[in-house]
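*Asks:* Generate a structure from the sequence data that follows.
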Amino acid sequence: RKHFQPLLYPVMRGHGIDPGALRMTHSTINYGLYQAGLLTRLLTGQRLLVIGNAAPELAETLTRHGLLVSGMISPVKGFADIDRVMDEAHHAVFDLALVSAGIPAVVLCWRIAAEQGKVALDFGHMADAIIKGKVTL
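*Replies:* Numbering: from 1, shown residues only. Purely as a prediction, here's the structure:
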């Protein structure tokens, strides 16, 4: 990426970090999955845990489109709320977490994956786009 790699890779090399050995994703993977026609296929047949302030509306929209929402955690009140959200996530039954919680989403996704061995996707503003009908499933 022309705006990030000129800084990222020299910093990584300077700290002895091999980018090829890391498990990384794209910051806009949510949109990339949609544009590639893979988002609906990814969500279908999964028990979805929806996390974030827009979770009630997103859960309703996903359910209306035939997807299985098995849990919802809302609201997420910033970093101070991460432990509470994680406690609820530990009690939830799900295959895939869709996390639209601002910057805390990064920590939540990492912790869900590390602590529970589950897949968590920083869903970002994709939740709003789905709710508003700008993105169709």
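*Asks:* Backbone dihedrals for residue 49, both of them.
*Replies:* Per-residue torsions, residue 49: phi -110, psi 120 (degrees, to the nearest 10).
*Asks:* Identify the bridge partners of it.
*Replies:* When bridges are called by DSSP bridges, residue 49 pairs up with residue 71, residue 97.
*Asks:* Please report how far it lies from residue 134.
*Replies:* The spacing between residue 49 and residue 134, counted by Cβ to Cβ, to the nearest Å, is 23 Å. For every residue, glycine as well, the C-beta is placed using N, CA and C.
*Asks:* the more surrounded of the two?
*Replies:* Taking other Cβ atoms under 10 Å, residue 49 and residue 134 do not tie; residue 49 has more neighbours (25 against 10).
*Asks:* can you pull the contacts of that one?
*Replies:* The neighbours of residue 49, taking Cβ atoms under 8 Å, 6 or more residues apart in numbering as the test, are 69, 70, 71, 72, 73, 89, 92, 94, 96, 97, 98.
*Asks:* number of nearby residues for the nearest residue to the second one once chain neighbours are set aside?
*Replies:* What that stands for is residue 70. For residue 70, ignoring the flanking residues on the chain, the nearest one in space by Cβ to Cβ, 6 or more residues apart in numbering is residue 47 at 3.9 Å. Residues within reach of residue 47, counting by other Cβ under 10 Å, total 15.
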